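> whatever this is, show me its structure:
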Amino acid sequence: MRLGEGELSVSANIDNTLFGTFILAIDNANAVSVEEAYLETLSLPYGFALKGGRFFSGIGYLNQHHRHSWDFADAALPYRAFLSNQYRDDGVQVRWVAPLGFLLEAGAEVFGGRNYPFNGGHTFVGSGGGFLRVGDDIAQNMSYRIGASHLRGRSLARSVDNGTMNFAGLSSVSVLDGVFKWAPTGKPAEQHVRLPGELMLRHDFGGINGVDHESVGWGWCGQAVWRFLPSWEVGVRADSVYVDNWGTAVTDGTTLQGWGQTRGRQSLALTYYTSEFGRFRVQGNRDWSSGRLDHQLLLQYTVSLGAHGAHKY
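Residues are numbered from 1 along each chain as shown. Model (predicted):
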């Protein structure tokens, strides 16, 4: 038994023009870090918004969701292999929401490139990307959102294979994502279904220890979560990663892995909510990501103290 992560979060309107967020995270090794710290505009005209500071990139669907709001206890395999669980960095993001009867959102962002897969050392801008999302209500009890996003940057000395080698070159991650939500009774708090899925493509081009290197990897994750009673949810997930270069396992932010083979996993989770502030989860994984079958049983509890903002869609 161990503490997975603790967060201390403070957020509020600063005035009628700015909103501020500050989140400290404490990991299972008792290391304290600033997870997010940013300012966001509230009143720019024509549907624009600007965010600056440290924050999670808008790439993909799951990347912006904090760990405490995940539907499973661990990150999907493509996020583990290609983004070291999630990509956050210091930078600036601009978003635009079109004045239409459905959701049309576009955004661009630039970062210092300090985190995996870019790993710092840049003078100013080290990575950047953009995203486009479309969504709408299909009926009163159904909605969807689909998106495409891209993140690109230069790695100056990214450690691979447990630090024995360094990759230098261009690295990019492209994502197609979608989510469908359905509340059969029209009351999501009582019963609903969530169906998110993502497809990722990773491309590295450069050199490892001065030797030319290029690799392409892809991965996908899909999950179905059913809240069948107000306090109970059951979820299933399948995820997979393929990379065309050498390695031994899918690990968090070390190297693209796979021996030219597909590594996959299947998960089943049952979650009980004591309220919107607390939950208990039991999860089983049938995991082939290390190259051999590994059966895993995870027990997780999550609690929130005090007021907190609404979760992402």
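> by mean pLDDT, flag the weakest helix or strand of the protein.
strand 5-13 (a mean of 87; mean pLDDT, DSSP states H and E).
> for the spatially most central residue of the chain, which non-adjacent residue is spatially closest?
Nearest residue to the geometric centre of the chain (C-alpha atoms, centre = their mean): residue 63, 1.9 Å. Distances taken as C-beta to C-beta, 6 or more residues apart in numbering put residue 86 closest to residue 63, at 5.3 Å, once the chain neighbours are dropped. From N, CA and C alone the C-beta is placed, and that goes for glycine too.
> one step back: what strands line up against the least confident helix or strand of the chain, and which way round?
strand 18-27 (antiparallel) (DSSP bridges).
> now the partner strand, how far from the centre of its chain.
Distance, stretch centre to chain centre, for strand 18-27: 17 Å (C-alpha atoms, centre = their mean, to the nearest Å).
> then stretch 196-212?
Using C-alpha atoms, centre = their mean, the offset of stretch 196-212 from its chain centre is 18 Å.
> just the mean pLDDT for that stretch, thanks.
The pLDDT scores in stretch 196-212 average 88.
> CA atoms only for it, dumped as CSV, please.
Extracted in CSV, the C-alpha atoms of stretch 196-212 (Å, rounded to 0.1, in the frame of the first residue of the first chain):
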residue,chain,number,x,y,z
PRO,A,196,-13.6,7.7,-25.2
GLY,A,197,-10.9,6.5,-27.6
GLU,A,198,-7.7,7.8,-29.0
LEU,A,199,-5.2,7.0,-31.8
MET,A,200,-1.6,8.2,-31.4
LEU,A,201,1.3,8.4,-33.9
ARG,A,202,4.9,9.2,-32.7
HIS,A,203,7.8,10.0,-35.0
ASP,A,204,11.4,10.5,-33.9
PHE,A,205,14.1,11.6,-36.4
GLY,A,206,17.7,12.4,-35.5
GLY,A,207,20.5,10.5,-33.8
ILE,A,208,21.3,8.4,-30.8
ASN,A,209,24.8,8.9,-29.5
GLY,A,210,25.7,10.5,-32.9
VAL,A,211,24.3,7.6,-34.9
ASP,A,212,21.4,8.3,-37.3
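> so for it, what gets flagged as buried?
By neighbour count with 16 or more other C-beta atoms under 10 Å, stretch 196-212 contains the buried residues 196, 197, 198, 199, 200, 201, 202, 204, 206, 208.
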